[in-house]
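K.L.:
got a sequence here, can you build the structure:
(one chain, ligands or ions: 1)
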Amino acid sequence: MDEKFLWGSATASYQCEGAWNVDVKAESMWDRYLHENDLENGDVASDHYHRFEEDIRMMKEGGQNSYRFSLSWPRIIKNKEGDINEKGIKFYHRLLDACHKYDIEPFVTIYHWDLPQYWEDEGGWVNPQVAYAFEHLAKVCFEHFGEKVQNWTTFNEPKWFIVNGYFIGNYPPGLQDVQKTMIGAYNVMLASALGVRAFRAGNYQGQIGIVHSYTPVNGIDDTIETKIAMRYADNYCNNWILDTAALGEFPIDLVAKLAQDYDISFMKTEELKIMKENTVDFIGLNYYARTLVKPYTEGETQLVFNHSGKKGESKVVIKDWFEQVKDPNSEFTEWDTEIYPKGLQDGLIEAWIRYQLPIYVTENGVGVREDVTVAQVNDDYRISFMNDHINAIMNAMDYGVDVRGYYAWASFDLYSWKNGVEKRYGLVAVDFKKDQIRKPKASYHWYKEIIESQGKKIQRRALD
Ligand code: BG6
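P.N.:
Modelled structure (predicted):
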């Protein structure tokens, strides 16, 4: 790792800012959904809106040289007409200025799931107008912040918010509708390409990419049936985002399969051309776990997510496509996430072979319950998790993969969507019950030493 390597940590606007109705911010789809369903919400979250200076200072003191965060669309654009909220613009200027004051390279995500409710009321991502509204948002961001930002990404995890919102139904808008899932997926990938096009047309400095929730696929054996199931799983989990963003084309076998059962007339030649011509400069990969699959056997599609933190609740079966299985030899978190660093090493190599683009590992971390009332959280499990995953990255780099940055999820404890705040990921503990007090965890100090050594202090091992 050379000195240009970005060592940072990441957050997302809705998960940390709080101030949900402050300074003319519009309501987001998450505000509405969580309020209406009386669920734990991010109204206050980590109050980063008021404490960003302290948070960024702590990043610097922790040796980090980059901060990945997202911009809140409803904070920046007031309404469907596209009017700008000057107070929102000022807030992000202050945040970017704090980054530069502490020599922290900003790594900016334009959209991390907080769609304005005024667009959700018009059909959300199923409405193609939203893709063009995103283009307007992107232009506003480039125009206002372009001189302070070198690294942009259009979207955080299209797969995750589209599938959870339209197919599984556990995220807003809470639908279970395959046709709408397909249209939403298409509109998001179009929006991303429109964002890339606007970036290039404006000749802004720096580079632009996309961030994907990467779950590299493994099979339980080498049979042809398993290989077919793996391809279905890879198309579902990864390829429709990465192929489209990096190569400019949806996987043809996926489109052909969907066309047998669904209407794909929403795909327009002119728009497919925009996607083909506006591919990304780099890819950001968020890695938590792989997907291990076996061939589909029987029964209906089942997609159950564990939001309770009680082991064993999750299940993924897609009828006629594949079934996800658990490796009995692996360790799992309370939220059923497999701990499998080799998946990151192999996945990086695979992405490099396929796309030949620079890669940033834009999120990686482990969510656990922690008592933050102690003087210091001794999160040795997080240290070992991070060590093993950074080791996996270094192995991939030794193979020749061009990895340019690593972001721990998360910079500090924050609101974890449907899991509330009890699932903690931060390098810094936040006491949500007591004045939002921040206290660095042991992992924060460990990470600082790793960064100072440029990775040399990582305990290395081969992963075969
Ligand atoms: C990623 C997201 O999917 O994983 C984050 O980009 C999210 O926003 C993180 O918080 C961890 O997932 P969760 O559901 O445990 O918070």
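K.L.:
stretch 378-394 close to the ligand?
P.N.:
No - Stretch 378-394 does not reach the ligand (CB under 6 Å from any ligand atom); its nearest approach is 13.3 Å. The C-beta positions use only the backbone N, C-alpha and C, and glycine is treated the same way.
K.L.:
residues of that stretch that come out buried?
P.N.:
The neighbour-count check on stretch 378-394 (16 or more other CB atoms under 10 Å) flags 379, 382-394 as buried.
K.L.:
and that stretch, how far out from the chain's middle?
P.N.:
19 Å (CA atoms, centre = their mean, to the nearest Å).
K.L.:
any residues touching that stretch, and which ones?
P.N.:
The contact list for stretch 378-394, computed with CB atoms under 8 Å, 6 or more residues apart in numbering, reads 1, 287, 339, 341-345, 348, 361, 364-366, 368, 370, 403, 406, 408, 427, 441-443, 446-447, 450, 455, 458-461, 463.
K.L.:
tell me which element Lys227 falls in.
P.N.:
Per DSSP states H and E: Lys227 is located in helix 224-234.
K.L.:
confirm that Leu292 sits in a strand.
P.N.:
Yes - under DSSP: H, G, I helix; E, B strand; the rest coil, Leu292 falls within a strand.
K.L.:
picking up where we left off before, now intersect the buried residues of stretch 378-394 with the helices, please.
P.N.:
Among the buried residues of stretch 378-394, the ones falling in helices (DSSP state H) are 382-394.
K.L.:
would you reformat those as TSV and include distance to Lys78?
P.N.:
Formatted as TSV, these follow (distance: CB to CB, whole Å):
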residue	distance to Lys78
Arg382	40
Ile383	44
Ser384	46
Phe385	41
Met386	40
Asn387	45
Asp388	45
His389	40
Ile390	42
Asn391	47
Ala392	44
Ile393	41
Met394	46
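K.L.:
can you pull the contacts of the closest residue to the ligand within the chain?
P.N.:
Relative to the ligand, the nearest point of the chain is Ser416 (3.4 Å; CB to the nearest ligand atom). Counting by CB under 8 Å, 6+ apart, Ser416 touches Gln15, Gly367, Glu422, Lys423, Arg424, Tyr425.
K.L.:
count of residues packed around the last one?
P.N.:
Yep, that's Tyr425 we're talking about. 25 (other CB atoms under 10 Å).
K.L.:
what's the single longest helix in the chain?
P.N.:
Secondary structure of the chain read by DSSP H shows that its longest helix is helix 178-201.
K.L.:
tell me the buried residues in that helix?
P.N.:
For helix 178-201, the neighbour count (16+ other CB under 10 Å) marks 180-199 as buried.
K.L.:
stretch 117-124 now?
P.N.:
Quick answer for stretch 117-124 (16+ other CB under 10 Å): Gln117, Tyr118, Trp119, Glu120, Gly123, Gly124.
K.L.:
make TSV out of those and add secondary structure.
P.N.:
What follows is these, written out as TSV (three-state DSSP):
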residue	secondary structure
Gln117	helix
Tyr118	helix
Trp119	helix
Glu120	helix
Gly123	coil
Gly124	helix
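K.L.:
circling back: which parts of the helix holding Lys227 are buried?
P.N.:
Buried-residue list, helix 224-234, by 16+ other CB under 10 Å: Thr226, Ala229, Met230, Arg231, Tyr232, Ala233, Asp234.
K.L.:
quick one: average pLDDT of it?
P.N.:
With pLDDT averaged residue by residue, helix 224-234 scores 98.
K.L.:
what's the next secondary structure element after it?
P.N.:
Counting by DSSP H and E, what follows helix 224-234 is helix 240-242.
K.L.:
does the ligand sit close to that following helix?
P.N.:
No - judged by CB under 6 Å from any ligand atom, helix 240-242 makes no contact with the ligand; its nearest approach is 12.8 Å.
K.L.:
other SSEs contacting that helix?
P.N.:
helix 158-162, helix 178-201, strand 207-214, helix 341-355 (3 or more CB pairs under 8 Å, 6 or more residues apart in numbering; DSSP states H and E).
K.L.:
between those, which gets nearest to Glu40?
P.N.:
Closest of those to Glu40 is helix 158-162, at 18.4 Å (criterion: CB to CB).
K.L.:
got the CA coordinates for that closest one in CSV?
P.N.:
Taking C-alpha atoms only, helix 158-162 is exported to CSV below (Å, rounded to 0.1, in the frame of the first residue of the first chain):
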residue,chain,number,x,y,z
PRO,A,158,-28.7,-0.3,-5.9
LYS,A,159,-29.3,-4.0,-5.4
TRP,A,160,-29.9,-3.6,-1.7
PHE,A,161,-32.4,-0.8,-1.7
ILE,A,162,-34.3,-1.9,-4.8
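K.L.:
so for that helix, what's the average pLDDT?
P.N.:
Computed over helix 158-162, the average pLDDT equals 98.
K.L.:
how far off centre is it?
P.N.:
Using CA atoms, centre = their mean, the offset of helix 158-162 from its chain centre is 9 Å.
K.L.:
now do stretch 404-416
P.N.:
Its chain's C-alpha centre and that of stretch 404-416 lie 10 Å apart, by CA atoms, centre = their mean.
K.L.:
what's the end-to-end length of it?
P.N.:
27 Å (CA to CA, to the nearest Å).
K.L.:
and for Tyr262, the neighbour number?
P.N.:
Tyr262 has 14 neighbouring residues, counting by other CB under 10 Å.
K.L.:
quick check: it touching Val178?
P.N.:
Yes - if you go by CB atoms under 8 Å, Tyr262 and Val178 touch, sitting 6.4 Å apart.
K.L.:
and this protein, which of its residues are near the ligand?
P.N.:
Residues of the chain lying close to the ligand by CB under 6 Å from any ligand atom are 12, 15, 156-157, 160, 213, 286, 363, 367, 409, 416-417, 419, 423.
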